[in-house]
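Asks: Just need the structure, nothing else, for what follows:
(chains A and B)
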There are 2 protein chains.
Amino acid sequence: MKIALAQLNFHIGNFESNTDKIIGAIKDARQKGVDLIVFAELSVCGYPAADFLEFTEFIELCKQSAEKIAKACTGIACIIGLPTVNPKVQGKDLYNSAYFIENGEIRQKIHKALLPNYDVFDEYRYFEPAVDFKCIDFKGQKIALTICEDLWNINDNTMYLESPMDILIHENPVLMINIAASPFNYNHDEERILILGDNCRKYDLPLLYVNQVGAQTEIIFDGGSLVFDREGQLLDEMAYFAEEIKVYEFSGGKIQHYAPVLHDQQNDIKQIHDALVMGIKDYFFKSGFSKAVLGLSGGIDSALVCALAAKALGAENVMAVLMPSEYSTDHSLKDASDLVNNLGCKHEVIPIKEAAITFERMMKPVFKDLPFNIAEENIQARCRAIVVMAMSNKFGYILLNTSNKSECAVGYGTLYGDMAGAVGVLGDVYKTQCYKLAEYINRDHEIIPINTISKPPSAELRPGQKDSDSLPEYDILDKILYQYIELKKSSESIIAQGFDKEMVRNILKMVNSAEFKRKQTPPILRVSPKAFGSGRRMPIVGKYLG
Amino acid sequence: MKIALAQLNFHIGNFESNTDKIIGAIKDARQKGVDLIVFAELSVCGYPAADFLEFTEFIELCKQSAEKIAKACTGIACIIGLPTVNPKVQGKDLYNSAYFIENGEIRQKIHKALLPNYDVFDEYRYFEPAVDFKCIDFKGQKIALTICEDLWNINDNTMYLESPMDILIHENPVLMINIAASPFNYNHDEERILILGDNCRKYDLPLLYVNQVGAQTEIIFDGGSLVFDREGQLLDEMAYFAEEIKVYEFSGGKIQHYAPVLHDQQNDIKQIHDALVMGIKDYFFKSGFSKAVLGLSGGIDSALVCALAAKALGAENVMAVLMPSEYSTDHSLKDASDLVNNLGCKHEVIPIKEAAITFERMMKPVFKDLPFNIAEENIQARCRAIVVMAMSNKFGYILLNTSNKSECAVGYGTLYGDMAGAVGVLGDVYKTQCYKLAEYINRDHEIIPINTISKPPSAELRPGQKDSDSLPEYDILDKILYQYIELKKSSESIIAQGFDKEMVRNILKMVNSAEFKRKQTPPILRVSPKAFGSGRRMPIVGKYLG
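Replies: Residues are numbered from 1 along each chain as shown, chains lettered A, B, ... in the order given. Model prediction:
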């Protein structure tokens, strides 16, 4: 039999577009003689639909879409993912389900058992875990259909007490199919291949795995749907960061015409690059906007965001605003202009000196002769935000935020100033990774000016300021941050690695004290295993290490 | 035996302060001849500790605190709440536990079975549900000790499949004790009394219930610990919005010297008032600040916040900044001044006209002759934010946000402008409730000027502007918002109640489209059953009703 895996980019709550896309793929597949086409987890409504799932109207629209899809699904079978109502009175109201549809009818309903509820996941908030399991019957064969996390409870230290496959295997299925919405981080492709291969080996079955692709605000799905033989060897790997539909021949208990392949391992920086480009593109496309604005300082972060936005939206849709102050250096303006020329994007120069002076004059009766300090520094950053937001309000540009993860971590940024924006492009990319990303963007020819990359980082909010005046060098800072944020190490264990005691304590304290700022930042495109945002939920008024 | 209920205000992660408070209460109780003193759920670390729970160092500090408390607990027994390590390899790493401590030793460990994972709750993110249950043994009697949600699975349509009390009852306990961290909303006191009374009736047992009190950023615990007889009749009700320790005599299977009382029902507005005052007070105290700043417009929202802040922090710690623009009316300045005089708080007048003109001049080469619109309106709101944030940065004031729930809902506010602030005081109070709150504050004498209450609401960002130019009247708007936000009704069912079809659709669309703004607002003090913030998680880039 011919089975198609449809790795598609859905839009949360856009039932019309999602249903059209699914029905279109079904029709195409039927023409190609496909027997069964498989769509990803919660394909009907998009993932994560969050608290929309608590609206009965939303669930009703999912049901109506499924009925429409079923009606169109004749002469072929399909598997779709959607939330469904739990008919039992007790327990949560919904299941995270898969429908097996054949000859225009919903033949079988499968429910997810293992509900991820960590990091960015909140599935137990909405869904009741399944306790009954049954294979689907298709053309006289049993297929073990599971949903994403259902296959992740394997090996040591499992998070759940039981695995659905341990039950399903008793029906002697010939194939496993798993439909997923498994978000990207730069480690995740490797993990996924290991875990899924382990399932094949454990249950002695081949596996077809289909993932979502596309960005849903901060959460980015990388696709990379996978095919394994019963020995757990990878037979095929679909596109990363792009839609793709691919047909596989399954017969005689195996996937035909495929020999084991090695995972097409790509370095983390290329993956991050592709994820950010897709993140920007989908943010704009799905929210109905096309043009971006950003403040361009001459520094590396804004240069990176400008280059990524030009890649995602087209240079003609990117407006870079250069906003020199009296503390900006000449080379900064020059570096910013060079970048604009290299990219061919639009730009404006709007100096902010006059505004900063006006505010200092306005505050004089209150500030009197108190010395210049962070108050005046922040006034400059906030004047810049007023300018770019005015551009946004007047012309419909969407403001891109350029703060990097190191800055977000320690609170080195001005709320309502450079921390403004609709979406944070680099908020999950450490400063040291930003340099690598710039090198990657420059891999064929110079796009980001070399001077932007080589000069010491500075916010240029007072004369001669350098980031290293208030922060450790980024190569040390980022290592300590990684230990604390990604690995959740204690201060003691970080110090034991040889870092300065006082420095470690200060940095951890800065991270915790900046929680109130991060609460008010834009959503941050997630590329790491532990990003700021819904995957990291910290008390704002807490005292721990504070 | 004498049992004390200790309703205390803990601070998340502040182990030193929490432990001192618990040990202090134990010593006092021992002096009064108390046999057992009961502290609330997760009293050792505070609630909700959120992802601090994922740090092994944090859990180790909980353990050390518990050991210190145990050592101090001689000649008396106590019950405390803390997270503990799940010794089994499978399942989540932690339990939400209660320790029964006697004679300096941890005698028994009880784990929570029913883990709330809805609205503001994320307990299944951290904790494994208990599956084994045992009463505690104290002075030869069995006590059924449960933790908060464990008693909430009663009556119809339960969320969980089993209730711990159904197991514990087989041991024939003589008393139920429930330790809780049950957050306030203006409906919750009534619900709590009903649910807990139902448990007494179902299991034919008296109940001692101890709740947390105090605010943890946006989540406010109201205290109101309760005592019931075996018929489910309320015998006593401890203080709301205040710490209290109270001793009860339990003997012969009943609470002595108490006759049934009626719940001291207070109207919602008084409760909201007390909650907001505690919310402000604890935000400042727990984050180590004492002085607040806010922009005072002459309108009702900022007047309310100013009055609440003066109540919470003392008028001498509140700085009101009047920032008239060219569109501000004379009566607004007068109303704001009257309020400042009534309260006796500090104030400054800093006109923003000059700054607004400067920005308009700066933008002229780009804006050319495009007409005045929302861009210029927002410039004014953002100039005001620069002024109050400059006050904050220069003098250490914390900015209070004054947006109300109606505005937050429909996105009627300027990001990085009037939506700025460290904490949103009124973000969960609809405009129509704001008027009632003003009346309540004025109950004895005029604090908020009558003119502030009686004039039509206006943002005063262009000549003659009124809120009703762009929004329906608030009494209609708030009703529709309540149906959609609190009750999650569909547009059809709201329209069926007699509201204008076009208006309902527009409002629901505005609510969904403002999600990107709400992502960047300060934490909002939660007083309703459905507040913006962690209890309402919506996709930002979604299409549903959008």
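
Asks: Check the stretch 1-150 of chain A for the residue nearest chain B and tell me.
Replies: Residue of the stretch 1-150 of chain A nearest chain B, by Cβ to the nearest Cβ: residue A:13 (2.9 Å). Where you see a C-beta, it was placed from the backbone N, CA and C, and this is true even at glycine.

Asks: So that residue belongs to a strand, correct?
Replies: No. Note on residue A:13: no strand contains this position according to DSSP: H, G, I helix; E, B strand; the rest coil, which reports coil.

Asks: ok, it - contacts?
Replies: Contacts for residue A:13 (Cβ atoms under 8 Å, 6 or more residues apart in numbering or on different chains) come out as A:45-46, A:49, A:52, A:58, B:539, B:542-546.

Asks: Residue A:469: what secondary structure?
Replies: Secondary structure assignment for residue A:469 (three-state DSSP): helix.

Asks: ok, it to residue A:458 distance?
Replies: Going from residue A:469 to residue A:458 by Cβ to Cβ, to the nearest Å gives 9 Å.

Asks: count of neighbours near residue A:348?
Replies: For residue A:348, the neighbour count with other Cβ atoms under 10 Å in any protein chain shown is 18.

Asks: for it, helix, strand, or coil?
Replies: Using three-state DSSP, the structure places residue A:348 in strand.

Asks: residues in the stretch 1-150 of chain A within reach of chain B, list them.
Replies: Residues of the stretch 1-150 of chain A found near chain B, taking Cβ under 8 Å from any Cβ of the partner chain as the criterion, are A:11-14, A:17, A:46, A:48-52, A:54-58, A:60-61, A:89-92, A:117-118, A:122, A:124-125.

Asks: Quick check on the residues you listed: which are buried?
Replies: A residue is treated as buried here by neighbour count (16 or more other Cβ atoms under 10 Å in any protein chain shown); on that basis the buried members of those are A:11-14, A:46, A:48-52, A:54-55, A:58, A:61, A:91-92, A:117-118, A:122, A:124-125.

Asks: Give me the helices and strands touching the helix or strand bottoming out on mean pLDDT in chain A, please.
Replies: Across the helices and strands of chain A, mean pLDDT, DSSP states H and E gives its lowest value to helix A:467-470, namely a mean of 87. Of the remaining helices and strands, none touches helix A:467-470 by 3 or more Cβ pairs under 8 Å, 6 or more residues apart in numbering or on different chains; DSSP states H and E.

Asks: Kindly report the domain assignment for chain A.
Replies: A:2-261, A:271-467 (automatic domain parsing).

Asks: what about the last one, start to end distance?
Replies: When you say that, I think you mean domain A:271-467. Domain A:271-467 stretches 28 Å from its first residue to its last (Cα to Cα, to the nearest Å).

Asks: Export the contacts of residue A:13 as a markdown table, with columns for distance to residue B:434 and secondary structure.
Replies: Below are the contacts of residue A:13 laid out as a markdown table (distance: Cβ to Cβ, whole Å; DSSP: H, G, I helix; E, B strand; the rest coil):
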| residue | distance to residue B:434 | secondary structure |
| --- | --- | --- |
| A:45 | 36 | coil |
| A:46 | 36 | coil |
| A:49 | 32 | coil |
| A:52 | 29 | helix |
| A:58 | 30 | helix |
| B:539 | 29 | coil |
| B:542 | 29 | coil |
| B:543 | 32 | coil |
| B:544 | 29 | coil |
| B:545 | 26 | coil |
| B:546 | 28 | coil |
